[in-house]
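K.L.:
what follows is a predicted structure for the sequence shown.
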Amino acid sequence: MPAPSPNSFDPASLAQLSHLRLQARVIVEGYLSGLHRSPHQGYSVEFAEHREYAPGDDLRYVDWKVFGRSDRYYLKQFEEETNFACMLAVDASESMQYGSSPASLNKFEYARLLAAVLASLTIQQQDAAGLVLFSEQLQHYVRAAGNPQQQTRIWELLEQSKASGPTALGPMLHEISDRFRKRGMIILFSDLFDDLDAIKIGLQRLKHRRHDIRVIHILDPAELEFPFEEPTLFHGLEIAQEQMVDPRGLRTAYLKEFHSFLVESRRTCRDLGVEHDIVRTDEPFDRVLRRILSNRPPLPIPNITEMQGRR
Amino acid sequence: MTFETLTLLALEFGSPSMLFGLGAASIPIIIHLLHKRRYKKTSWAAMKFLMEAARQQSRRLRWEQLIVLLVRCLAVMLLAMAFSRPFFENAFSSVSGRAPRHIIVVLDDSFSMGHLIGNETRLEQGKEAVRQLLQTSVSGDGYSLLCLSDERQSNLLAPTFRQDSFLAELEKIGLTEQPIDLHGALARLESLLIDSPQPREKELLIVSDFQQKDWSPTGTKKQLLESRLARLASENVHFTFLNVGGGDIGNVAITDLNVEPQPVLIGQPSSITVTLQSFAGQPLENLAVELLIDDRSVASQSINEPRKQSTDITFLHNWQSAGPKKIVVKMVGDRLEADNQRFQVVVVRDAISVLLVEGQPAGSPREQSSHYLRTALETVMHPTTSAPLFDITVTDLPGMTELPLQNYEVLALCNLPGISSHQSAMVRRHLSSGGGLLLIQGDQTDAQSWNAQLNLFNDQAWPLTLNRSDPSTESVWGFLTSELNHPVVKLFAGNPGTGLDAAVIWQRVAWTVDDADRIETILSFDDGTPAIVEVDLPVGRCLQMALSCDATSGSWAPLNGSFPPIAIEMIRYLAVHNGDNSKYLVGQTLEGLLPADQFIPEITVTDPAGKSISLEPTAMSSENPLRGWLFDENSKSGFYQIGFGQPSLPTQYIAVNVDAQEGNLTAADPKQLEKELFKNPQLNLRIAPTVSEITKFQESPLSLELLWLGLAFLAVEVALVWNFSTGLVAMLAVVIVAGVLHLAPWIGPAPAIAGGVLIVCLLFLMILQRFLTRHPKKTSRSLF
């Protein structure tokens, strides 16, 4: 497969590709090629040490070369020899359908693509990946598994899913907690447009089960910048209301409100020890992946003046 | 109203067609409404935050939109107004295209306009202001010039259309010494306006110092002034007040000059009293007053009494020769010249001529009616020459008709039965020329005859009617000594036992007082009946006695010691010639009687400037056939010399002074005048406060100011749209700067510029602060 073009992580470029699996594959291969010479060589967990064979051990891990030299059975031991499970929870409510630019990805498309890529990378690492799609109700739940069919299944489900209906993020986190009992990692993809107190309680419950939680707060640039100029009739995606607005006069007040929401979201997550990362839908995927996979700290919340200045 | 000059409120417009541009002010409103109708639709996820922001901002947003809309409309309107070239409705505006007008300049030429401001008088300043204003008037304007005090100064009543002629006439106007005649000027103005060609608009520029005494009248004067102005209201006149005075400017004036005692005699010291009055708190200090007699300086005094408002200073002078004397007092050290001097004429006599007309010539001297009077007068000697003070002539009634009465100061008719109409005419002439008359009536008096002739002494009916005495009602009377206020008897007041209370009268003339207001009782009988009265006459003095000065009336004249001093005082009182105390003011008509039965070749009046004018003899009035002279061109203060062209008739001198109240420079408040006198809405009044204000107005046309203001508001609009708070600050700055610039004429250019710089600095700092807040120094990694 040819190496991806330099803009293979750009959401606008990826939007040109019709299928999610194609989009995900481009990202995965592009991302891995940035880390290794080829995605098909040396792909494995890292070797750590040898130990003597004991009855009942898996014969697949016997180091036959050592047996040839020393006539003893030794097993290869690897560093990440754990049963890691990652649950990808994607918000599929109607608010996630918003995208300011038709030529680019909306929030839901961005979230599911990111989830697909992460699922692929997890499974390729011999770990288990699962998927939760929810809005007001749980739409799909795929238990975490590490077999190659799991990736296909997750990708298909993500590709077929659509964002619709209102959000009930708090109750859904409870539902996930009930279903995903084994300790693992939960990555939540959402715009968090719901009651923050309910979300907090949901996260607390997940945290109680000792999950590692990472909230990928997905936002459209327009929601962060409010770049409208002309009088506009805003039609609510989840709230069935309309609001006629002269954006120039309202911009500062809106940004102030939104900034408070972002600050409150981060504070809620920080108090629970949850990683909270704001991701714009125009942000290249490699930057986001690098931040997620290498455990880099999240970027700070922009202040209002910066939000105004980005217009 | 013509299309070329559209009058709207107090403004006119040079290009009124541009006013249609005001309609453009509706464009922002239309755009605003259209803008509200056109909108985009979009779906939105973060609806919760949008609705909360809208809830918080909706009220503020409406206000902001309204203010921005108003600023846009205002900017358009200001620009439209600027292009229509507005100017304050004023005859003197420099905008071409307005209709020609009739410009009437009314100039205050009273002497208060001679007050010096620097090296210039107020009149000169006012004339200069008029010249400046007229530099910019348009072709076709008509000009008239009126003077407020002396109408003879300007011959330019009918409008001239040549500005150079008008300016030449204006140049001729000088200060007069007359007070202003507001009513006369308004009457002339009224007739001028009626004659003014129609429908030309009339602009009336009144240049004056607006003295309170003239412009803030009270009572009847105020009503008169209001009625005059009411008549002008119908003539559609635009008034403009140009005040060249202002404030309470202090001044010191000489308000009076008196010589006492009268009559003035050689060798008898006189007190010359000068009264100085301070107006508006001007201190009476560092002043010097000089006394001149017959153009010779004889004395001077300096005045340093800063706490007084008024003071009298007295010069003592001893007269060395007889004849008329010209007295002048001059003050040095004051900025208004005209009221710094005062003139007076006194006639110094060496003796007092008295003609006694005997009514009972027969018999021994003691039985004559004039005997005791003559005896009393003969006892008085001149203090320095020891000659008799009174030059006494005694004659009978036929003899009186042959004597020239003008040679006698006092005529005493002693117990005459009656007089003829010819003799009555002589007495009348004597009184009219300022002489004194003593009417002594006693047992010889024919009441009926006297009542007929007394009424001929004067134009008015005699205030007393003599009654026929009734011998059956004989009684005895004394004098009432409780009320002795008249100068003749004043020396007995408070001195009981001097004889007056011991007098016994057994015969008297009965009379009835018809007009008590025109008599003053000098001495009364003890039953309250007047014994000696002074009859009030317009010219001359007359004392009338109800008892004779002989033994027939009682013991008073022959025996009582109080008679001689009272008789002497009566003659002295009557000897004070009316002309001696005449106090003419500039502008008043001078008048005098001609000597009777003498040929007068010519009457010549020489004014203080030396200009001689010949007069014709004239009858004093339709009822009064006496010949006299009238002179009504006394426009200057000083001495007027009246000559009769005959060596036997001495030259007369008359002193004329300015009205001292004109020296009160306290000005009326023009705003108050507007409230009180210009209440009628048809009377359009504008007040140009100062000459410098007019100059500023000429140099800074309104259209330019409006243009700048309109452009400034456009900039404010941009600022408001960019950032509302900054825009508000900018708008405030524009309003303040415009206000400061307009205040500059009042507070001076330096404070105005300082204020402007301060405001600009504040504005700059605020914008800088906003800029720094908007672009803070980045210290952390940005998400974006």
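P.N.:
Cool, got the structure.
K.L.:
now the closest residue to residue B:384 other than its chain neighbours: how far from chain A?
P.N.:
Closest residue to residue B:384 apart from its sequence neighbours, by C-beta to C-beta, 6 or more residues apart in numbering or on different chains: residue B:267 at 3.4 Å. Every residue, glycine included, has its C-beta placed from N, CA and C. Taking C-beta to the nearest C-beta, to the nearest Å as the measure, residue B:267 and chain A are separated by 105 Å.
K.L.:
sec struct for residue B:344, please.
P.N.:
Taking DSSP: H, G, I helix; E, B strand; the rest coil as the rule, one finds residue B:344 in the strand state.
K.L.:
now the strands for the stretch 151-300 of chain B?
P.N.:
Here the stretch 151-300 of chain B has its strands, by DSSP state E, counting those that start in this stretch, at B:201-208, B:237-243, B:251-260, B:264-265, B:270-279, B:284-293, B:296-305.
K.L.:
one step back: okay, the residue nearest to residue B:384: pLDDT?
P.N.:
According to the per-residue confidence, residue B:267 scores 80 in pLDDT.
K.L.:
backbone phi and psi for the residue lying farthest from the centre of chain A, please?
P.N.:
Counting by C-alpha atoms, centre = their mean, the extreme residue of chain A relative to its mean C-alpha position is residue A:71, 47.6 Å from that point. In this entry, residue A:71 is assigned phi and psi values of phi 60, psi 30 (degrees, to the nearest 10).
K.L.:
what sits against it?
P.N.:
When contacts are counted by C-beta atoms under 8 Å, 6 or more residues apart in numbering or on different chains, residue A:71 touches no other residue.
K.L.:
against residue B:259, how distant is it?
P.N.:
When distances are taken as C-beta to C-beta, to the nearest Å, residue A:71 and residue B:259 turn out to be 166 Å apart.
K.L.:
over to residue B:339?
P.N.:
Counting by C-beta to C-beta, the gap from residue B:339 to residue B:259 is 20 Å.
K.L.:
these two - which one has more neighbours?
P.N.:
Set side by side, residue B:339 and residue B:259 show unequal neighbour counts under other C-beta atoms under 10 Å in any protein chain shown, the larger going to residue B:339 at 28 against 21.
K.L.:
if you count contacts, what does the longest helix seen in chain B end up packed against?
P.N.:
Longest helix in chain B, counting residues (DSSP state H): helix B:47-83. In terms of contacts (3 or more C-beta pairs under 8 Å, 6 or more residues apart in numbering or on different chains; DSSP states H and E), helix B:47-83 is packed against strand A:232-236, strand A:242-245, helix A:247-272, helix B:26-37, helix B:702-722, helix B:724-747.
K.L.:
of all the ones you listed, which one is nearest residue B:555?
P.N.:
The closest approach between residue B:555 and any of these, judged by C-beta to C-beta, belongs to helix B:724-747 at 83.3 Å.
K.L.:
write out the residues of the stretch 1-150 of chain A neighbouring chain B.
P.N.:
If contacts are counted using C-beta under 8 Å from any C-beta of the partner chain, the residues of the stretch 1-150 of chain A sitting beside chain B are A:94, A:95, A:96, A:97, A:98, A:107.
K.L.:
check contacts around the first one.
P.N.:
Applying C-beta under 8 Å, 6+ apart, we find residue A:94 in contact with A:135, A:163, A:164, A:165, A:166, A:167, A:237, A:238, B:45.
K.L.:
again, but for the last one
P.N.:
Neighbouring residues of residue A:107 by C-beta under 8 Å, 6+ apart: A:95, A:96, A:97, A:98, A:99, A:191, A:218, A:219, A:220, A:281, B:45.
K.L.:
against residue B:360, how distant is it?
P.N.:
Separation of residue A:107 from residue B:360 (C-beta to C-beta) stands at 147 Å.
K.L.:
kindly format the C-alpha coordinates of stretch A:58-65 as CSV.
P.N.:
Once non-C-alpha atoms are left out, stretch A:58-65 reads as follows in CSV (Å, rounded to 0.1, in the frame of the first residue of the first chain):
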residue,chain,number,x,y,z
ASP,A,58,1.2,-22.1,26.3
LEU,A,59,3.5,-23.9,23.9
ARG,A,60,3.3,-21.0,21.4
TYR,A,61,5.7,-19.0,23.6
VAL,A,62,8.4,-21.7,23.8
ASP,A,63,11.7,-20.3,22.5
TRP,A,64,12.8,-23.1,20.2
LYS,A,65,16.1,-21.5,19.4
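K.L.:
what comes up buried for that stretch?
P.N.:
Residues of stretch A:58-65 classed as buried: residue A:63 (neighbour count, 16 or more other C-beta atoms under 10 Å in any protein chain shown).
K.L.:
average model confidence for it?
P.N.:
Here stretch A:58-65 scores 84 as its mean pLDDT.
K.L.:
contact partners of it?
P.N.:
Identification of contacts with stretch A:58-65 by C-beta under 8 Å, 6+ apart yields A:50, A:53, A:73, A:74, A:75, A:76, A:77.
K.L.:
ok, of the contacts of residue A:94, which one's closest to residue B:764?
P.N.:
residue B:45 (42.3 Å).
K.L.:
which ones are touching residue B:608?
P.N.:
For residue B:608, the contact set (C-beta under 8 Å, 6+ apart) comprises B:636, B:637, B:638, B:639, B:640, B:656.
K.L.:
go again using 6 Å as the cut-off
P.N.:
Taking C-beta atoms under 6 Å, 6 or more residues apart in numbering or on different chains as the contact definition, residue B:608 lies against B:636, B:638, B:639.
K.L.:
try residue B:710
P.N.:
Applying C-beta under 6 Å, 6+ apart, we find residue B:710 in contact with B:75, B:78, B:79, B:82.
K.L.:
ends of stretch B:628-643, what's the gap?
P.N.:
With C-alpha to C-alpha, to the nearest Å as the measure, the ends of stretch B:628-643 fall 13 Å from one another.
K.L.:
buried ones in that stretch?
P.N.:
The neighbour-count check on stretch B:628-643 (16+ other C-beta under 10 Å) flags B:628-631, B:634-643 as buried.
K.L.:
and stretch B:296-310, by the same measure?
P.N.:
residue B:303.
K.L.:
any idea of the mean pLDDT in it?
P.N.:
Average pLDDT, stretch B:296-310: 87.
K.L.:
what of stretch B:103-121?
P.N.:
Mean pLDDT, taken over the full extent of stretch B:103-121, equals 84.
K.L.:
residues of chain B that sit close to chain A?
P.N.:
In this structure, chain B approaches chain A at residues B:39-47, B:49-54, B:56-57, B:61, B:774, B:780, B:783-784, judged by C-beta under 6 Å from any C-beta of the partner chain.
K.L.:
now the buried members of these.
P.N.:
Applying 16+ other C-beta under 10 Å to these, the neighbour count classes B:44-47, B:49-54, B:57, B:61, B:783 as buried.
K.L.:
of all the residues you listed, which two lie farthest apart?
P.N.:
Counting by C-beta to C-beta, the most remote pair of those is B:61 and B:783, 29.2 Å apart.
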